[in-house]
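> fold the following for me, if possible:
(2 chains)
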2 protein chains.
Amino acid sequence: MDFEFLKKLIVPAQTKIIMLIMDGLGGLPQEPGGKTELETAYTPNLDKLAAQSALGLSQPAGPGITVGSGPGHLAIFGYDPVEYEIGRGALEALGVDFELCPEDVAARGNFCTVDENGLLTDRRAGRLPTEESAKLVELLGNVKADGVEFFLRPIKEHRFAFVMRAPGLCGALSDTDPLKLGVAAPPVRALKREADCAAEYVNQFICQARQVLKCQSPANMVLLRGFAKLPDLPKYKDLFGLNAAAIAVNGMYRGVSRLAGMTVLNVCGVTPADEFAALEQHWDEFDFFYIHIKQTDTCGENGDFPGKVRVIEEVDALIPRLLALDPDVVIVSGDHSSPAVMKSHSWHPVPTLLYSKLARPDGIAQFGERACARGSLGILPAKHVMPIALANAGRIAKYGA
Amino acid sequence: MDFEFLKKLIVPAQTKIIMLIMDGLGGLPQEPGGKTELETAYTPNLDKLAAQSALGLSQPAGPGITVGSGPGHLAIFGYDPVEYEIGRGALEALGVDFELCPEDVAARGNFCTVDENGLLTDRRAGRLPTEESAKLVELLGNVKADGVEFFLRPIKEHRFAFVMRAPGLCGALSDTDPLKLGVAAPPVRALKREADCAAEYVNQFICQARQVLKCQSPANMVLLRGFAKLPDLPKYKDLFGLNAAAIAVNGMYRGVSRLAGMTVLNVCGVTPADEFAALEQHWDEFDFFYIHIKQTDTCGENGDFPGKVRVIEEVDALIPRLLALDPDVVIVSGDHSSPAVMKSHSWHPVPTLLYSKLARPDGIAQFGERACARGSLGILPAKHVMPIALANAGRIAKYGA
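Next up is the predicted model:
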């Protein structure tokens, strides 16, 4: 849907919407004729809610497309994930909870090993332990250049996030990682004229970083790739008229929701129950709440079918606390599927439940893939879920007379 | 879906996809409360396959649109049939198995009758018998002009295919058929400046054809219409990374699949079993196979309900041979519906089955219109079937992180 069309119809209301996202929710049966993770889980509360809801299957980025968590979240948040692309560098910075500004250019960094002639011998510096990597990141904190600020954050093993901040930077930069050994890492090149200045800054950084690291072993050099700025997303307040809050433990999800203009709430603890406590605590302050459950995806990616079932059951048991707040609209869905049998994200459409007093209930008292396939929301692009939720929340005016 | 977006995500794989198209597969009940042709047919093999598959109904060119076989095939092949239009002339040439080159301009020809003043008295020359028409086509084979080659092929009755070949021809040409009697057929006009040369060639052809035919009766003149070049389709190899083969007996389907870059295989014989034998014979050589079954449509167009049922049963009996090859993905669908009760193509969405080990099975053990309406593929544009098949074949990489 065209945002300009939708924006004109948005009206204020006193209603509240909860969007509960179980990461990688959709699954597959373990054996022919079997049930998926969600179908296997004992979910009396979600099933009861489903009976009063409209059900469907959402597709994040079109038929057959498997998405990463970035585009998957943009889609369920209401944005077209192909139009608004989040580059790798920006995603890595968000992932370590770095508060990226709109002008920042971010990249994914690797510590690597070069020989005395500067030729690459290991692109990952022997997968350097995270603690050692963190110390080197601290050392590199001393690299300075005029007119620009550099920020570095350790990620995991040899990986770190690189961010540079200066007015008017352009992120159209080539990678320095040649993706093979026995050659020197090339300097960064500007892919557009406007990026000349940014290229100059990066090359200054790399030059100094080499000096700083030259006596280190095995990590005596850095590679940078996936340069990107944040996509310029219209914000929830402007777009949907929503004062929105995000409840998520992991950096990336906190980052993506900040991108949509949500206020990211602090959670005391890391469990789903801790997240629901944050919801209860801040209930009066916002009119939209996004809650992110990470463990469903982690279990899916690990091939842990029973683990994923248990997380779903854990969330189900918390549903009464959510309903006790008397929300006007509840969305329960995922950002993509992560079937345990595939140990990865997948393209399969995602079970989606939309509850409100005004939803037309399908009368299907079960929340599962096949139940949702029979639902009245049909197979819908994930970006269509928010307009339907807004309508149910009395926040979209009539079009035409 | 945007091809540029999809192309970037395509990855190589060792998987094999079979697309079995029963032409005009979708049908209608003969009487209120009755079953369609596909629902009536005894199809134990397709039903068993359906139980392990995702089902849906595909729409070739949008709601309410009845398509010809050309656009119907482009759609199920993954192309937007409105964006990639196959002109009438090109379709006629493909239909008689003429190997149209990308630069050729084709038209549909009619033998007609004119009086001594050159005014049209019969646009179809009394629906000239095909044999007589074929003789006249041979006579016209003598027509020559400098810088261009003309090719003619008889079709049926008064109709023939006209093709001209020269470098840089443009097909934007007006028809010479005035669609009424008592007037002279106008010369061809160039509809764009670039077509001036092509118009000149056609008019030279018509002028000479009149001389050649002047003593014939009743067919003493020709009309040409529907000038068209082939649409420039991205090829299966470039677009999907597929080394594709087509197994079809009739010229038009061989032509359309050649257009998509498929290798058209020879079939010894004309029956579905002969086509399956070709599949078995060439199984190791390709990673995508399109198999076309014509008789379902022929029976539909003839109003032969039981005949269409029998053809479907004949194909069902061959399914075990197909599965014995252990394909990774199987699509069973049609290019459009052809209900016997309508004796024509129709707009009704087409039963579609997608089997793979990674498909999320709907658990519906029946392949029919109403069964498919309950399936998790929903009502989908036919052009979305290929991306889903490619995903199931492990040929689409994840989008974003």
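
> can you pull the contacts of A:Leu136?
Each residue near A:Leu136 by C-beta atoms under 8 Å, 6 or more residues apart in numbering or on different chains is listed here: A:Phe111, A:Leu128, A:Leu213, A:Gln216, A:Ala219. Quick note: C-beta positions are derived from backbone N, CA and C, even for glycine.

> and A:Ala228, by the same measure?
A:Ile86, A:Gly87, A:Arg88, A:Gly89, A:Ala90, A:Leu91, A:Val105, A:Ala106, A:Ala107, A:Gly171.

> ok, and of these, which contact chain B?
Residues of those in contact with chain B (C-beta under 8 Å from any C-beta of the partner chain): A:Ile86, A:Arg88, A:Leu91.

> residue contacts, the first one?
The reference is to A:Ile86. If you count contacts by C-beta under 8 Å, 6+ apart, A:Ile86 has them with A:Gly70, A:Pro71, A:Leu74, A:Leu94, A:Ala228, A:Leu230, A:Pro231, A:Val256, A:Leu259, B:Gly400.

> could you do A:Glu92 as well?
Counted by C-beta under 8 Å, 6+ apart, A:Glu92 has contacts A:Ala106, A:Ala107, A:Arg108, A:Ile155, A:Arg159, A:Ala161, A:Gly226.

> what about the closest residue to chain B within chain A, distance to B:Pro387?
For chain A and chain B, the shortest gap (C-beta to the nearest C-beta) falls at A:Gly64, measuring 3.4 Å. From A:Gly64 across to B:Pro387, the span is 3 Å (C-beta to C-beta, to the nearest Å).

> ok, now A:Met22?
Between A:Met22 and B:Pro387 the distance is 25 Å, computed by C-beta to C-beta.

> A:Phe111 too?
Going from A:Phe111 to B:Pro387 by C-beta to C-beta gives 38 Å.

> cool, and A:Gly269?
Distance from A:Gly269 to B:Pro387, by C-beta to C-beta: 41 Å.

> more neighbours, the two?
Between A:Gly269 and B:Pro387, B:Pro387 has the larger neighbour count (other C-beta atoms under 10 Å in any protein chain shown), namely 21 against 11.

> quick one, what contacts the more buried one?
Counting by C-beta under 8 Å, 6+ apart, B:Pro387 makes contact with A:Gly62, A:Pro63, A:Gly64, A:Ile65, B:Met1, B:Leu6, B:Gly78, B:Ile396.

> and the pLDDT for it?
The per-residue pLDDT reported for B:Pro387 equals 98.

> what of A:Ala93?
pLDDT, A:Ala93: 92.

> okay, and it sits in which element?
helix A:88-95 (DSSP states H and E).

> that helix: what's the following helix or strand?
Sequence order places strand A:105-114 as the next helix or strand after helix A:88-95, per DSSP H and E.

> what residues does the stretch 201-350 of chain A have near chain B?
Within reach of chain B by C-beta under 8 Å from any C-beta, the stretch 201-350 of chain A has these residues: A:Met342, A:Ser344, A:His345, A:Ser346, A:Trp347, A:His348, A:Pro349.

> highest neighbour count among these?
That'd be A:Pro349 among those, by other C-beta under 10 Å, with 30 neighbours.

> so who does that residue touch?
Contact analysis of A:Pro349 by C-beta under 8 Å, 6+ apart lists A:Gly26, A:Leu57, A:Ser58, A:Gln59, A:Ser337, A:Ile379, B:Ser376.

> hang on, the earlier thing: of the contacts of A:Ala228, grab the buried ones for ChimeraX.
To isolate the buried ones among the contacts of A:Ala228 in ChimeraX, judged by 16 or more other C-beta atoms under 10 Å in any protein chain shown, type:
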select /A:86,87,88,89,90,91,105,106,107,171
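
> could you export the contacts of A:Ala228 as a markdown table, including distance to A:Lys383?
Output for these, formatted as a markdown table (distance: C-beta to C-beta, whole Å):
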| residue | distance to A:Lys383 |
| --- | --- |
| A:Ile86 | 15 |
| A:Gly87 | 20 |
| A:Arg88 | 22 |
| A:Gly89 | 24 |
| A:Ala90 | 20 |
| A:Leu91 | 19 |
| A:Val105 | 27 |
| A:Ala106 | 25 |
| A:Ala107 | 28 |
| A:Gly171 | 25 |
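
> and which of the contacts of A:Ala228 is nearest A:Glu313?
Of all the contacts of A:Ala228, A:Leu91 has the smallest distance to A:Glu313: 30.4 Å, by C-beta to C-beta.

> thought that closest one was touching A:Leu259?
No. Look at A:Leu91 against A:Leu259 with C-beta atoms under 8 Å: they stay out of range, at 10.3 Å.

> grab the most central residue of chain A for me.
Geometric centre of chain A, nearest residue: A:Gly70, 3.7 Å, by C-alpha atoms, centre = their mean.

> in three-state terms, label that residue for me.
What DSSP: H, G, I helix; E, B strand; the rest coil gives for A:Gly70 is helix.

> and for it, nearest residue in space, chain neighbours not counted?
Excluding the flanking residues, the one nearest A:Gly70 by C-beta to C-beta, 6 or more residues apart in numbering or on different chains is A:Ile86, at 4.2 Å.

> please apply the same query to A:Ala199.
Distances taken as C-beta to C-beta, 6+ apart place A:Ala190 nearest to A:Ala199, at 4.2 Å, with adjacent residues excluded.

> also A:Glu314?
In space, A:Glu314 is closest to A:Pro272, 5.8 Å off (C-beta to C-beta, 6+ apart).

> repeat for A:Arg159
In space, A:Arg159 is closest to A:Asn110, 6.1 Å off (C-beta to C-beta, 6+ apart).

> mind checking pLDDT for the one you found?
A:Asn110 is given a pLDDT of 94.

> that one reaches A:Asp177, doesn't it?
Yes. When contacts are counted by C-beta under 8 Å, A:Asn110 is listed as touching A:Asp177 (6.7 Å).

> picking up where we left off before, which one among the contacts of A:Glu92 gets closest to B:Leu325?
The nearest member of those to B:Leu325, counting by C-beta to C-beta, is A:Gly226 at 41.3 Å.

> and the closest one, that one's in a helix?
No. When three-state DSSP is applied, A:Gly226 is found to be strand, with no helix at that position.

> that one: neighbour count?
Residues near A:Gly226, counting by other C-beta under 10 Å: 20.

> what does the one 5 residues further on give?
Burial of A:Pro231 is recorded as 17 neighbouring residues (other C-beta under 10 Å).

> quick check: nearest residue in space to it, chain neighbours excluded?
Of all residues not flanking A:Pro231 in the chain, A:Tyr84 sits nearest, at 4.4 Å (C-beta to C-beta, 6+ apart).

> is it true that the one you found touches A:Leu233?
Yes. Assessed by C-beta under 8 Å, A:Tyr84 is found in contact with A:Leu233 at 5.8 Å.

> spit out the residues that contact the two alike.
Common neighbours of A:Tyr84 and A:Leu233 (C-beta under 8 Å, 6+ apart) are A:Leu74.

> double-check that A:Lys160 belongs to a helix.
Wrong residue type there; residue A:160 is Phe, not Lys. No. Checked against three-state DSSP, A:Phe160 lies outside a helix; its state is strand.

> so it bridges to which residues?
When assigned by DSSP bridges, A:Phe160 has beta-bridge partners A:Gly109, A:Pro154.

> verify the stated contact: it with A:Lys135.
No. Judged on C-beta under 8 Å, A:Phe160 makes no contact with A:Lys135 at a distance of 11.4 Å.

> higher neighbour count, those two?
A count of neighbours by other C-beta under 10 Å puts A:Phe160 above the other of A:Phe160 and A:Lys135, at 25 against 14.
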